[in-house]
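Any chance you could fold what I've pasted below:
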Amino acid sequence: MHFYIMTLFPEMVMQGLDTSIIGRAMSKGLLSIEAVNIRDYAFNKHNSVDDYPYGGGAGMLMQAEPVYQAYEAVMNKISSGESAPAPGDTAGSKRKRPRVIYLSPQGKTFHQDMAEELAEEEELIFLCGHYEGIDERVLEEIVTDYVSIGDYVVTGGELPAMIMVDAISRLVPGVLHNDVSAEFESFQDNLLEYPQYSRPEIWHGKQVPEVLLSGHHANVEKWRREQSVIRTARLRPDLLEKAELSEKEREIAKRFQKL
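From the prediction side, this is the model:
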């Protein structure tokens with residue numbers, strides 16, 4: 001999978017992503033991540049990409065042309081085949097236009113289902129804004145998706161882009177050491193993950209639940225499912241509306257919601 005991140009701060013992006021699981025996946029060729037410096041496409045000697053907004057107002061606005069030229073450079077790279085071909089691609093086959101994600105508090109809130117959807121793409125382009133935003137005309141021209149990571153404002157789109165790349169990358173086959181682990185974690189089936197324990201059996205007087213020491217796999221799975229329902233009811237009851245629960249599980253959820 002190929003990620004292109006259009007940004008004013010490429011070092012910030014690459015230093016944050018070129019580590020741990022994502023860094024190892026890049027070294028194995030499972031992912032490629034390229035930070036595209038929008039300043040490289042400035043059209044003045046000072047390499048500035050911002051200007052005052054028409055109509056007045058506080059702050060500066062990123063200009064349309066440098067952003068568009070950075071996008072065109074990415075598209076040329078993709079169309080020329082500098083990205084590795086997608087599975088099933090043949091010479092001369094026409095690939096669909098990649099999705100361009102603009103990180104903005106005005107967008108849809110990012111969630112696990114969206115991560116799974118985006119993980120099916122071969123290329124993703126992220127556009128990171130700064131200052132007071134980006135000239136609306138270039139957004140209309142190139143952006144396919146507006147996405148927010150939450151109802152708050154940060155100084156730029158780099159951190160949101162890094163969060164999304166991380167969440168999407170771990171769903172790409174081979175990125176995690178154990179691909180099954182991506183299927184049984186928080187937000188799968190709209191339930192939070194059950195509590196987990198490691199050695200020693202007793203720590204600070206707290207005992208590991210006996211069922212986890214029993215070796216009875218069916219009982220362990222039953223306990224974990226019940227704990228997921230309880231934890232979701234206590235911490236994120238809003239998720240239960242979409243969760244598929246048995247009648248017994250709904251009764252458990254209601255009991256702990258009241259508590």
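
contacts and neighbour counts: CA atoms only from here.
OK.

got the residue ranges for the helices in the stretch 51-200 of the chain?
64-79, 112-118, 136-142, 158-169 (DSSP state H, counting those that start in this stretch).

Would you reformat those helices as TSV and include mean pLDDT?
Formatted as TSV, those follow (pLDDT from 0 to 100):
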stretch	mean pLDDT
helix 64-79	97
helix 112-118	96
helix 136-142	98
helix 158-169	98
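
Name all residues that make contact with the residue lying closest to Gln227 once chain neighbours are set aside.
Once flanking residues are discounted, Gln227 sits nearest to Tyr194: 5.3 Å by CA to CA, 6 or more residues apart in numbering. Shown in contact with Tyr194 (CA atoms under 8 Å, 6 or more residues apart in numbering): 224-225, 227-228, 231.

Could you tell me how far Leu118 is located from Glu132?
27 Å (CA to CA, to the nearest Å).

for Gly150, that is, sorry about that
Gly150 is 18 Å from Glu132, by CA to CA.

Please apply the same query to Val67.
Taken as CA to CA, the span from Val67 to Glu132 is 15 Å.

And Ala253, by the same measure?
On the measure of CA to CA, Ala253 and Glu132 end up 44 Å apart.

For stretch 50-67, buried residues please.
50, 53, 60-67 (16 or more other CA atoms under 10 Å).

and what of stretch 252-259?
Buried, per 16+ other CA under 10 Å, within stretch 252-259: 252-254, 256-257.

how about the CA coordinates for that stretch, as CSV?
Output of stretch 252-259 as CSV, limited to C-alpha atoms (Å, rounded to 0.1, in the frame of the first residue of the first chain):
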residue,chain,number,x,y,z
ILE,A,252,-25.8,-7.6,31.1
ALA,A,253,-25.2,-4.4,29.3
LYS,A,254,-28.3,-2.7,30.8
ARG,A,255,-27.3,-3.8,34.3
PHE,A,256,-23.9,-2.2,34.0
GLN,A,257,-25.1,0.9,32.3
LYS,A,258,-27.4,1.5,35.3
LEU,A,259,-24.4,1.1,37.6
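
just to revisit the earlier point, got the contacts of Tyr194 as a markdown table, with pLDDT and secondary structure columns?
Converted to a markdown table, the contacts of Tyr194 look like this (pLDDT from 0 to 100; DSSP: H, G, I helix; E, B strand; the rest coil):
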| residue | pLDDT | secondary structure |
| --- | --- | --- |
| Arg224 | 97 | helix |
| Arg225 | 96 | helix |
| Gln227 | 97 | helix |
| Ser228 | 96 | helix |
| Arg231 | 96 | helix |
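
Could you point out which of these is nearest to Ser79?
Ser228 (45.4 Å; CA to CA).

tell me the contacts of the residue nearest the centre of the chain?
Nearest to the geometric centre of the chain sits Met164, at 1.8 Å (CA atoms, centre = their mean). Applying CA under 8 Å, 6+ apart, we find Met164 in contact with 110, 115.

roughly how far apart are it and Val13?
12 Å.
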